[in-house]
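Undergrad: All I have is the shape, not the residue letters:
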């Protein structure tokens, strides 16, 4: 069995979708997959509604960062042709017509197939994101753990 490591830095819908399509493909081939989410990529893992009282203990800048970041995969913008926010809706319409999975469905599929998803603790601290704001089943880690996964992998992607 081979191993793939995918570092998800981007918070763009199309790039996150590509990361999860690759992850699901590798998992379907019985490869082991580790995904490391850092900075804007963490947005894809946020719950659509933050738990109440989550702002406690955040600095003003952390509150600003976390409030401006998308909350969940279906609220991410496109990297190109965003059209002032209309682009994602147009993309989703075409995807539905073509029976393509949404990013949320791709995330669920990857989780069911056993992807290891870790989140960068330093990025979370900087951006004011707390584990309670993220979907369940994630591991908190750092660069050393990601580098360990990458060192064991035959393929490492930065998206």
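TA: Nice, thanks for sending it over. Fair warning: this is a prediction, and the values are worked out from it, not measured in the lab.
Undergrad: Tell me how many other residues surround residue 40.
TA: When neighbours are defined as other CB atoms under 10 Å, residue 40 has 19 of them. Every residue, glycine included, has its C-beta placed from N, CA and C.
Undergrad: For it, give me its contacts.
TA: Each residue near residue 40 by CB atoms under 8 Å, 6 or more residues apart in numbering is listed here: 9, 10, 11, 12, 69.
Undergrad: let's see it at 10 Å
TA: The contact partners of residue 40, by CB atoms under 10 Å, 6 or more residues apart in numbering, come to 8, 9, 10, 11, 12, 15, 16, 69, 70, 76, 123, 127.
Undergrad: longest helix in the chain, by residue count?
TA: The residue-count maximum for a helix in the chain (DSSP state H) belongs to helix 13-28.
Undergrad: Mind giving me the packing neighbours of that one?
TA: On a contact count with 3 or more CB pairs under 10 Å, 6 or more residues apart in numbering; DSSP states H and E, helix 13-28 meets strand 3-8, strand 32-37, helix 87-97, helix 103-113, strand 155-158.
Undergrad: re the thing from before, can you tell me which of the contacts of residue 40 is nearest residue 49?
TA: residue 70 (12.8 Å; CB to CB).
Undergrad: Would you check how far apart that closest one and residue 95 are?
TA: From residue 70 over to residue 95 the distance is 18 Å, taken as CB to CB, to the nearest Å.
Undergrad: What of residue 155?
TA: Distance of residue 155 to residue 95, given as CB to CB: 26 Å.
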